[in-house]
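Novice: kindly generate the corresponding structure for this input.
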Amino acid sequence: LLSRWRSAGILLAVALLSTGAVAYSIHLGTAFRGGHTFSADERAAAAWLRERTDPDALIAAIPNSPASYPILGLARRRLIHGWTTHMLDFRHDAKTRAEEAYALITTADPQRARDLARMRKVDFIWLGPEADRAGLSGGLSTDCFPEVFTAGTVRIRAFRCASE
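Specialist: Okay, here's the model as predicted:
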């Protein structure tokens, strides 16, 4: 294009570079803008996890929800499943894991909750506003899942029946 129509080639190159510069600046603006502000309850729960659990502890939370931010970022703990679109880059079974994580928290069947927690080697379950909106169905209300922390809208349950 540059050899045949020099002006058009230069104009196209400038347009492409300008588009890239604008897109990059929008990306930077989004990256540095505080899109999620942690509530006092989330900060307290994350601090509890960080201070009182093993660094290798595995946490279950509602998949594809902001609950993953305080767990991964503030508490520095692992999740059984975070965001499916991201997980698909690394795991072929990401959708299945998302369904299992969701079922673990919302099932009405205590045996299914135990089986899922045992299968995924879950140590703790994070129950925040996302879990409440998803509709807790009572599968976690057994001796296997005692509540170990509460701060307003966030509760943490431990999984104590891993070896049964």
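Novice: beyond the lowest-mean-pLDDT helix or strand in the chain, next helix or strand please.
Specialist: Across the helices and strands of the chain, mean pLDDT, DSSP states H and E gives its lowest value to helix 84-87, namely a mean of 79. Going down the chain from helix 84-87, the next helix or strand is helix 94-106, by DSSP states H and E.
Novice: which other helices and strands contact that following helix?
Specialist: Based on contacts counted as 3 or more Cβ pairs under 8 Å, 6 or more residues apart in numbering; DSSP states H and E, the elements that helix 94-106 packs against are strand 58-60, helix 84-87, helix 110-120, strand 124-127, helix 129-134. Every C-beta, even on glycine, is put in place using the N, C-alpha and C of the backbone.
Novice: how about residues contacting the least confident helix or strand of the chain?
Specialist: 63, 64, 81, 94, 95, 97, 98 (Cβ atoms under 8 Å, 6 or more residues apart in numbering).
Novice: where does pLDDT dip in the chain?
Specialist: 1-3, 30-36, 137, 164 (pLDDT under 70).
Novice: may I have the phi/psi pair for residue 76?
Specialist: phi 60, psi 40 (degrees, to the nearest 10).
Novice: I'd say it and residue 50 touch.
Specialist: Yes - applying Cβ atoms under 8 Å as the test, residue 76 and residue 50 come out as touching, 6.1 Å apart.
Novice: with neighbour numbers in mind, choose between these two.
Specialist: residue 50 (16 against 12; other Cβ atoms under 10 Å).
Novice: double-check that that one belongs to a strand.
Specialist: No - when DSSP: H, G, I helix; E, B strand; the rest coil is applied, residue 50 is found to be helix, with no strand at that position.
Novice: how many residues are close by the closest residue to residue 50 other than its chain neighbours?
Specialist: Using Cβ to Cβ, 6 or more residues apart in numbering and skipping residues adjacent in sequence, the residue nearest residue 50 is residue 75, 4.7 Å away. Using other Cβ under 10 Å, residue 75 has 25 neighbouring residues.
Novice: tell me which residues touch residue 75, please.
Specialist: The neighbourhood of residue 75, defined by Cβ under 8 Å, 6+ apart, consists of 45, 46, 47, 49, 50, 53, 59.
Novice: how close does it get to residue 123?
Specialist: Relative to residue 123, residue 75 is positioned 12 Å away (Cβ to Cβ, to the nearest Å).
Novice: which neighbours do those two share?
Specialist: Common contact partners of residue 75 and residue 123 (Cβ under 8 Å, 6+ apart): 53, 59.
Novice: all set, thanks.
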